[in-house]
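1. Whatever this is, show me its structure:
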Amino acid sequence: MSENAGKLELYLRYRASLIDYATPIVGSRSWAEDLVQEAYFRFMPQDGADRPVDQPVAYLYRIVRNLALDWRRRTIAEDQRDKAFRSVSDPHPMVPSPEDRALYSDELAEVDRALSELPDKMRLAFEMHRLGEAPLREIAERLDISVATAGRWTQQAHAHIARRLRDSES
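-> Predicted coordinates for the structure are as follows:
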């Protein structure tokens with residue numbers, strides 16, 4: 001049996017235990033499953049050069065633990081950022097007057113065009129986060145994507161809209 005086949009067999013044998021180990025750290029079995037899947041890719045050699053590991057089971061648990069702790073730190077930071085954003089946002093935004101609407105109609109049309117150029121899921125993630133004030137974790141769950149992807153999409157959408165507004169002023 002090759003070293004890779006042995007590693008795969010070892011991974012499959014401990015997969016359920018690894019998920020059980022990660023679940024309390026990340027707080028969700030589905031997130032733990034994703035982390036254990038990521039651990040598999042880190043455990044298996046990608047470049048064809050297989051490096052022997054003295055204690056492969058301990059190594060697998062260490063990979064899962066590190067990924068889970070990184071995930072937890074990242075989600076805490078994202079939650080804090082979301083709370084900070086909500087705390088400075090006006091809970092009762094002013095409704096623009098008809099005069100203001102006329103003044104900003106071109107800009108609003110440009111934002112609308114920029115939004116329509118985005119892929120559907122990216123646009124929805126941006127709208128949920130910026131307009132609906134949904135946390136990235138909720139967006140990730142509703143769109144069946146990772147929290148990191150939800151954050152990246154909202155940032156990319158924001159940058160796209162800002163570019164379009166800058167370009168329209170030129």
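
2. and stretch 117-130, how far apart are its ends?
-> Start and end residues of stretch 117-130 are separated by 17 Å (Cα to Cα, to the nearest Å).

3. Any chance you could list what contacts it?
-> Contacts of stretch 117-130 from elsewhere in the structure, counted by Cβ atoms under 8 Å, 6 or more residues apart in numbering, are 115-116, 134-136, 138-139, 142-143, 145, 150, 153-154, 156-158, 160, 164. Yep, even glycine has a C-beta here, placed from its N, CA and C like the rest.

4. Show the buried residues in the residues you listed.
-> Buried members of these, counted by 16 or more other Cβ atoms under 10 Å: 115, 134-136, 138-139, 143, 145, 150, 153-154, 157, 160, 164.

5. for those residues, which one is nearest residue 53?
-> residue 145 (31.7 Å; Cβ to Cβ).

6. For the closest one, give its distance to residue 127.
-> When distance is defined by Cβ to Cβ, to the nearest Å, residue 145 is 15 Å away from residue 127.

7. Looking at the buried ones among the contacts of stretch 117-130, which are in helices?
-> Those of these mapping onto helices are 115, 136, 138-139, 143, 150, 153-154, 157, 160, 164, per DSSP state H.

8. what's the burial count for residue 29?
-> 13 (other Cβ atoms under 10 Å).

9. Any stretches of this structure with poor pLDDT?
-> 1-2, 47-50, 87-94, 103, 170 (pLDDT under 70).

10. pull the longest helix from it.
-> The chain, longest helix under DSSP H: helix 56-88.

11. Same question for it: list its buried residues.
-> 56, 59-61, 63-65, 67-68, 71, 75, 78, 82.

12. and that helix, what does it pack onto?
-> Judged by 3 or more Cβ pairs under 8 Å, 6 or more residues apart in numbering; DSSP states H and E, helix 56-88 is in contact with helix 3-26, helix 29-43, helix 136-143, helix 147-169.
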